[in-house]
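Engineer: Give the three-dimensional model of this entry:
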Amino acid sequence: MSSTTDKIKGLANEAVGNIKQGVGNATGNDRLVAEGKAQELKGEAQKTVGDVKDGAKNLADEVTGKR
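Structural biologist: Presented below is the predicted three-dimensional model:
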């Protein structure tokens, strides 16, 4: 997966996770709140993977003189 794909999927998971948390809080559904928090954290991790991939590519470009 490309860094951009990781970042987009991460943002989507964060958004869906936040929505689940909001609905769970509004309805008193603790399970939905927990699922939303887990999905939000998954999204944050995906975004971090995308950032790391970008950093590694930038470093490789600098080392090889492609920048």
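Engineer: buried set for the helix or strand hosting Asp51?
Structural biologist: Using DSSP states H and E, Asp51 maps to helix 30-64. Going by neighbour count (16 or more other Cβ atoms under 10 Å), the buried part of helix 30-64 is 32-33, 35-36, 39-40, 42-43, 46-47, 49-50, 53. Yep, even glycine has a C-beta here, placed from its N, CA and C like the rest.
Engineer: Nearest to Gln21 among those?
Structural biologist: Within the buried residues of helix 30-64, the smallest distance to Gln21 is 3.5 Å, found for Gly36 (Cβ to Cβ).
Engineer: can you tell me which residues contact the closest one?
Structural biologist: Gly36 makes contact with Val16, Gly17, Asn18, Ile19, Lys20, Gln21, Gly22, Val23, Gly24, according to Cβ atoms under 8 Å, 6 or more residues apart in numbering.
Engineer: Which of those fall in helices?
Structural biologist: In helices, defined here by DSSP state H, the members of the contacts of Gly36 are Val16, Gly17, Asn18, Ile19, Lys20, Gln21, Gly22, Val23, Gly24.
Engineer: Pull the contacting residues for Arg31.
Structural biologist: Contacts of Arg31 by Cβ under 8 Å, 6+ apart are Gly24.
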